[in-house]
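A.B. asks: Kindly generate the corresponding structure for this input.
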Amino acid sequence: MAENLPPLEDQFQFASDDLSNLDTESESINTPSLTYFQDVKRRLIRNKVAMTSLILLVIIALVAIFAPILSPHDPNAQNVLYANLPPKWGSLNIPGLNGIHEAGGHMVNAYQAEHVPKGTYYIMGTDYLGRDLFSRILYGTRLSLFIAVVATAVDLLVGVPYGLISGWVGGAVDTFMQRIVEILSSIPNLIVVVLLLLILKPGITSIIIAIAFTGWITMSRLVRAQTFKLKESEYVLAARTLGESPFKIAMKHLIPNLSSTIIIQTMFTIPSAIFFEAFLSFIGIGIPAPNASLGTLLNDGQKAFHFLPYQMWVPAIVLSVIMITTNLLGDGLRDAFDPKSK
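C.D. replies: Numbers count the residues shown, from 1 in each chain. This is a model prediction of the structure:
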């Protein structure tokens, strides 16, 4: 039996070959390589709070976009005979949603008392002029989101180039541009709006101009600070050595590496713009009647809050959901782009 065994040196050689094969196989079992944005996407999907917020925002945005289709009534149509009707969901007998409310110390069916035709109901009730609250909330959300989109566009079209130029050129140009930023940021937004209302008529145009006047400042400062860091990096210095123009360097190297800062700041711009519009409309210098926004709906609802609280609660809940979800999604994007920020 011993005569059939290979020499001892060959046995050691076979064993070492088997071990090397095992090492090679273990090293070949790796996770697939991911790009930076694929890794960001993976971390964002794992964040359940951020993904839930994203889904809610998408639903709200789709409902607002298709408001003309989903709206059961004209949001500006008035019928004082049906004023202050409580919510009613068809024939469902759900307390608070069956068209019954307290009047004179007694619970009465408001739809029967006002002789509302059978089959006509308002799922969120009506306001003091008999306008359908559900339709007005749909259109009000649409208008508020439109203002948020405009504010975001201003951030991207003004704030990003301004910060890039200031940070890239530096020197006297940067000093001059930052003095302008400091002057503009020292003026309160409310004063800007009041001054604009003296020149322009109250409405969405004056609100957009007020947001565009100072809304881009935070974005420009963040982009400028990051540009100062990136322009000294090796790949930017190599591109400059090879004779690349500043525009190509910005498009190929700076903006892709600034994408995380831009996206995160954009997500925090949206709730700020919505709240700013709601605040202006609430104090009466925003969207003029009869157009609806979340701010005007809150202003109308607070007048009868003690007797008809649903008129204020519903737009307040919609506004709160939009602001909370955008902030949570912004936090999730920040954690996805920069895990060390947790």
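A.B. asks: Can you tell me how far residue 85 is from residue 308?
C.D. replies: When Cβ to Cβ, to the nearest Å is applied, the distance between residue 85 and residue 308 equals 10 Å. No exception for glycine: its C-beta is placed from N, CA and C like everyone else's.
A.B. asks: Check the contact lists of the two and give me the overlap.
C.D. replies: With contacts taken as Cβ atoms under 8 Å, 6 or more residues apart in numbering, residue 85 and residue 308 have residue 125 as neighbours in common.
A.B. asks: Counting neighbours, go ahead and name the busier of the two.
C.D. replies: For the pair residue 85 and residue 308, the greater number of neighbours falls to residue 85 (26 against 19), based on other Cβ atoms under 10 Å.
A.B. asks: Quick one, grab the pLDDT at that one.
C.D. replies: On the pLDDT scale, residue 85 is placed at 80.
A.B. asks: Using just helix, strand and coil, how would you label it?
C.D. replies: coil (DSSP: H, G, I helix; E, B strand; the rest coil).
A.B. asks: quick one, what contacts it?
C.D. replies: Taking Cβ under 8 Å, 6+ apart as the criterion, residue 85 is in contact with 99, 110-111, 114, 116, 122, 125-126, 130.
A.B. asks: rerun at 6 Å
C.D. replies: Residues in contact with residue 85 (Cβ atoms under 6 Å, 6 or more residues apart in numbering) are 110, 122, 125-126.
A.B. asks: Spatially nearest residue to it, not counting backbone neighbours?
C.D. replies: Using Cβ to Cβ, 6 or more residues apart in numbering and skipping the chain neighbours, the partner closest in space to residue 85 is residue 126 (4.5 Å).
A.B. asks: which intervals of the stretch 51-200 of the chain have sub-threshold pLDDT?
C.D. replies: For the stretch 51-200 of the chain, the stretches flagged by pLDDT under 70 are 96, 99, 101-106.
A.B. asks: which stretches of the stretch 101-250 of the chain form strands?
C.D. replies: Taking DSSP state E, counting those that start in this stretch, the strands of the stretch 101-250 of the chain run over residues 106-109.
A.B. asks: ok, which stretches of the stretch 51-200 of the chain are helices?
C.D. replies: When assigned using DSSP state H, counting those that start in this stretch, the helices of the stretch 51-200 of the chain occupy the ranges 67-70, 110-113, 133-154, 160-169, 171-185, 189-199.
A.B. asks: Which among the ones you listed is found nearest to residue 262?
C.D. replies: Judged by Cβ to Cβ, the one of the helices of the stretch 51-200 of the chain that comes nearest to residue 262 is helix 160-169, at 6.3 Å.
A.B. asks: Against which helices or strands is that closest one packed?
C.D. replies: helix 217-230 (3 or more Cβ pairs under 6 Å, 6 or more residues apart in numbering; DSSP states H and E).
A.B. asks: For the helix it packs on, buried residues please.
C.D. replies: By neighbour count, with 16 or more other Cβ atoms under 10 Å as the criterion, the buried positions of helix 217-230 are 217-224, 226-227, 230.
A.B. asks: what's the answer for stretch 159-169, then?
C.D. replies: Across stretch 159-169, burial judged by 16+ other Cβ under 10 Å covers 159-160, 162-168.
A.B. asks: re the thing from before, between the helices of the stretch 51-200 of the chain, which one is nearest to residue 208?
C.D. replies: In terms of Cβ to Cβ, the element of the helices of the stretch 51-200 of the chain nearest to residue 208 is helix 133-154, at 5.2 Å.
A.B. asks: From the chain's centroid, how far away is the closest one?
C.D. replies: Offset of helix 133-154 from its chain centre (Cα atoms, centre = their mean, to the nearest Å): 12 Å.
A.B. asks: which residues sit against it?
C.D. replies: The set of residues that contact helix 133-154 without belonging to it, under Cβ under 6 Å, 6+ apart, is 64, 67, 71, 73, 75, 123-125, 127, 208, 211-212, 215-216, 266, 269-270, 273-274, 277, 292-294, 297, 315, 318.
A.B. asks: now, among the buried residues of helix 217-230, which is nearest to residue 200?
C.D. replies: Looking at the buried residues of helix 217-230 and their distance to residue 200, the nearest is residue 217, at 21.4 Å (Cβ to Cβ).
A.B. asks: How about the contacts made by that closest one?
C.D. replies: For residue 217, the set of contacting residues under the criterion of Cβ under 6 Å, 6+ apart consists of 181, 185.
A.B. asks: what about 8 Å?
C.D. replies: When contacts are counted by Cβ under 8 Å, 6+ apart, residue 217 is found next to 159, 181, 184-185.
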